[in-house]
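I would like the atomic coordinates for the input below:
(one chain, ligands or ions: 1)
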Amino acid sequence: MPVRFVILGAGPAGVQAATHAARMGAEVTLVERDVIGGSANLWNCIPSKAMISTGGLMSLVRRASSMGLCDLDARLDLQVLRERIDRITGHLERSATELMASQGVRVVRGAGVFKSAQEVLVDTAEEGPVELEADAVLVATGSRPRTPDWAEADGERVLVTRQAYPPPQIPRHLVVIGSGVTGVEFVHMFRSLGSEVTLIVSRQQVLPQKDPEVAAALEADFLRRGVTLFKGARAVGIDRTDEGVVVRCSDGRMAEGSHALLAIGSVPNSDGLGLASAGVRVNEAGYIPVNQHCQTNVSHIYAAGDVSGKLPLASVGYAQGRKVAEHVMGLHTRAHRHLDYDKAASAIFTEPEIADVGLAEAEAFAEGRKLRVTKVPFAANARALIDGDARGFVKILSDPATGIVLGGSIVGKNAAELISVLALAVTAHLQVTDIVESLLVHPALAEALADAAE
Ligand SMILES: Cc1cc2nc3c(=O)[nH]c(=O)nc-3n(C[C@H](O)[C@H](O)[C@H](O)COP(=O)(O)OP(=O)(O)OC[C@H]3O[C@@H](n4cnc5c(N)ncnc54)[C@H](O)[C@@H]3O)c2cc1C
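Down below sits the predicted model:
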């Protein structure tokens, strides 16, 4: 009898686990209450990057005169932008749905709840209650934006990210609360689309988890583009006014704007799943702790994606989903490599783009680890000068004794693409000389990687 594998949630982790397990012969049922593709497709990665893509084009048009193009003017048509986002997310949803059908995955539409460790109950609109028996279950129910107890997102003037794709009008002045990855992406997005922007930064640097040099480069660019930074400011309340909003900070500062956007993190979708009926433990923050195979404390129940409390990235969800499928099918006994979350590449789609992978410089120095750090600016790169955007740099961290690449950061145009080279180097334990001796294209931004590896 094939393994009966039930998956709750069709985001990156669920979809990847479903197709991979189905290809290996499992009888897969994918339960989704919303859309195939998950929040990643509907609310997060895709619409945010579609907005950033339009904003990026507007910025480019504003700079075009320096490249010899005169009298260009970019005015935003919100309706066209909205339709474009719907078209892209709709297309991705349809292709994911078709993929499920082609792999023989049964899709059940509705919210799934554990009845016991082996049974999942789904209340569907079409078929009524559906009971599913399972040999293995994956919880891949994702996360949702966190809202604080001092503010309510009304979807009109006070927004969470999923209410901003795009809002009914582009804010005259947006106050963004939260300067992590999501916050800074929204600063960039709306500044490019023409809003005045104030950013509330609770610490002394934006992107507190990132390399200070990288964060400083982004801050400098924000200031150059007229973004107001409230540093060391903790928001404690939002008042609605006739004209818009006033965000109150704990030190008495006030940020006035037409709209406010809350970007203060997310909470896991682990409530209401009946996890206690299945004996699955959650931690205080609501995440489901997992081992290196993504197994929960109940060995045939797995958790992957945001709900597992590892790196909240779609790319990590995909990788976990794949590993779960392999474990469910018993493939982990063969040459199976565990996921190394420290080697996950990540990107921030600002201008300039930011991407990093592997070891962080500050962390390595704090551990007293010997490190070779090499850095070159894009200002020395021909392609960057030709393209009229020579902001940023490439930084590579390597082991001084062996030359093995341990990590790196890229700030600059196409950083999210370029980081793939360093991600491969880190994963495959390549040496800096492997990068230097690659015969690269000229003129290309990637040449900066070879220069930094010298
Ligand atoms: C604004 C924003 C932008 C982002 N941009 C990026 C990016 O560019 N790149 C990147 O890698 N990551 C990005 N992320 C993070 C990324 O979106 C998440 O890491 C990713 O979506 C997590 O995937 P997941 O598989 O856990 O599930 P999700 O994508 O969260 O989907 C979970 C699914 O489970 C469903 N579900 C929940 N409960 C039930 C239930 N009981 N029964 C059935 N279905 C259920 C939900 O309806 C949802 O469809 C971004 C996040 C945000 C907030």
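
May I ask which helix or strand of the chain has the lowest mean pLDDT?
Comparing every helix and strand of the chain by mean pLDDT, DSSP states H and E singles out helix 361-366 as the least confident one, with a mean of 86.

any bit of stretch 140-147 sitting next to the ligand?
Yes. For stretch 140-147 and the ligand, the contact criterion (Cβ under 6 Å from any ligand atom) is met by 140-143. Bear in mind the C-beta positions are built from the backbone N, C-alpha and C, glycine included.

between those residues, which is closest to Ser179?
Using Cβ to Cβ, Ser143 comes nearest to Ser179 of these, at 19.2 Å.

Could you report the neighbour count for that closest one?
Ser143: 21 surrounding residues under other Cβ atoms under 10 Å.

That one and Asn269 touch, don't they?
Yes. Using Cβ atoms under 8 Å, Ser143 makes contact with Asn269 at a distance of 5.9 Å.

Please list the residues of the chain that sit near the ligand.
8-14, 31-34, 38-40, 44-45, 48-49, 111-112, 140-143, 161, 182, 269, 273, 305-307, 312-315, 317.

Take those residues and keep only those in helices.
Judged by DSSP state H, the subset of these located in helices is 12-14, 38-40, 45, 48-49, 182, 314-315, 317.

Top of those residues by number of neighbours, please.
Ranked by the number of neighbours (other Cβ under 10 Å), those place Ala13 first, at 35 neighbours.

Could you count how many residues lie near the closest residue to it other than its chain neighbours?
Excluding the flanking residues, the one nearest Ala13 by Cβ to Cβ, 6 or more residues apart in numbering is Gly305, at 3.3 Å. Look at Gly305: counted by other Cβ under 10 Å, it has 36 neighbours.

got a list of what Gly305 touches?
9, 11-14, 140-142, 316-317, 320-321 (Cβ atoms under 8 Å, 6 or more residues apart in numbering).

now swap in Asp251 and tell me
Contact partners of Asp251, counting by Cβ under 8 Å, 6+ apart, are 232-234.

Filter the residues you listed down to the buried ones.
Buried by 16 or more other Cβ atoms under 10 Å: Ala233, out of those.

Can you list which of the contacts of Asp251 are found in strands?
Using DSSP state E, no member of these falls within strands.

looking at it, Ser39 is touching Pro145, isn't it?
No. The pair Ser39 and Pro145 fails to qualify as a contact (Cβ under 8 Å) at a distance of 9.5 Å.

ok, the residue lying closest to Ser192 once chain neighbours are set aside to the ligand distance?
Closest residue to Ser192 apart from its sequence neighbours, by Cβ to Cβ, 6+ apart: Gly55 at 2.9 Å. Using Cβ to the nearest ligand atom, to the nearest Å, one gets 14 Å for the distance from Gly55 to the ligand.

I'm done for today, thanks for sticking with me.
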